[in-house]
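Q: need coordinates for the below:
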Amino acid sequence: MQTVKMVITGPFSAGKTEFIRSISEIEVVSTEREITTAAEKRQKDVTTVAMDFGRITVDDDLVLYLFGTPGQRRFDFMWEILAEGMLGFVVMVDSSKPETFREAKSILETFRAYAPTPYVVAANKQDHPDAWAAEDLRIALRIEEGVKLLPCVAKDKESVKNVLLELLYSILEEMET
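A: As a prediction, this is how the structure comes out:
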């Protein structure tokens, strides 16, 4: 059986935990803690401090391990640890919060520096009325034309599946070359 380690990363509150929860066949192993800062508490009550872990069995021969990173810089020491051995990664971007786009681009560059693996960008929260279209996000984040930038709704299993399949196709393509 082949296992593929994928990392799901992105800024605080981009939807990483929800993304993994909506598709994992096991109960997600999560390290969420209550938020203590007032600014972050306005967005949500808990945050990931170490990682989230989920698993998907694609078929008898292939299992995906999903590792979600913390989105806050104060926990970025976990990023390199989680990136070790990854075969690809997803950068989650909250399409409705342009104030997080710079951070998303910075995280993308950080993960590219950890390992030259395939990656996709997920334009999350496409169901939100303020969401930027994926192609507008490509321009804002200065993402090259060849990089897959996919519309996503982390709560929707089909949407998450599409993002992971695109990453998996990129990984398999890379393995064949």
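Q: show me what the helix or strand residue 170 falls within is in contact with.
A: Counting by DSSP states H and E, the element that carries residue 170 is helix 157-176. Under the criterion CB atoms under 8 Å, 6 or more residues apart in numbering, residues 4, 6, 19, 22-23, 56, 58, 64, 66, 87-90, 117-120, 122, 126, 148, 150-154 lie in contact with helix 157-176. (C-beta placed from N, C-alpha, C; glycine too.)
Q: buried residues, that helix. List them.
A: With burial defined by 16 or more other CB atoms under 10 Å, the residues of helix 157-176 counted as buried are 159-160, 162-164, 166-168, 170-171.
Q: cool, and stretch 119-129?
A: Residues of stretch 119-129 classed as buried under the neighbour-count rule (16+ other CB under 10 Å) are 119-126.
Q: now the end-to-end length of that stretch.
A: Using CA to CA, to the nearest Å, the span of stretch 119-129 from its first residue to its last is 27 Å.
Q: report the mean confidence score over it.
A: Summarised as a single mean, pLDDT over stretch 119-129 is 97.
Q: give me the contacts around that stretch.
A: Outside stretch 119-129, the residues that touch it by CB under 8 Å, 6+ apart are 10, 14-15, 19, 88-96, 104, 108, 111-112, 131-134, 137, 141, 143, 147-156, 159, 163, 166-167, 170.
Q: distance between that stretch and the chain's centre?
A: In terms of CA atoms, centre = their mean, to the nearest Å, the gap separating the centre of stretch 119-129 from the centre of its chain is 10 Å.
Q: ok, the residue nearest the centre of the chain to residue 92 distance?
A: For the chain, the residue whose C-alpha lies nearest the mean C-alpha position (CA atoms, centre = their mean) is residue 8; its distance is 3.0 Å. With distances defined as CB to CB, to the nearest Å, the gap from residue 8 to residue 92 amounts to 6 Å.
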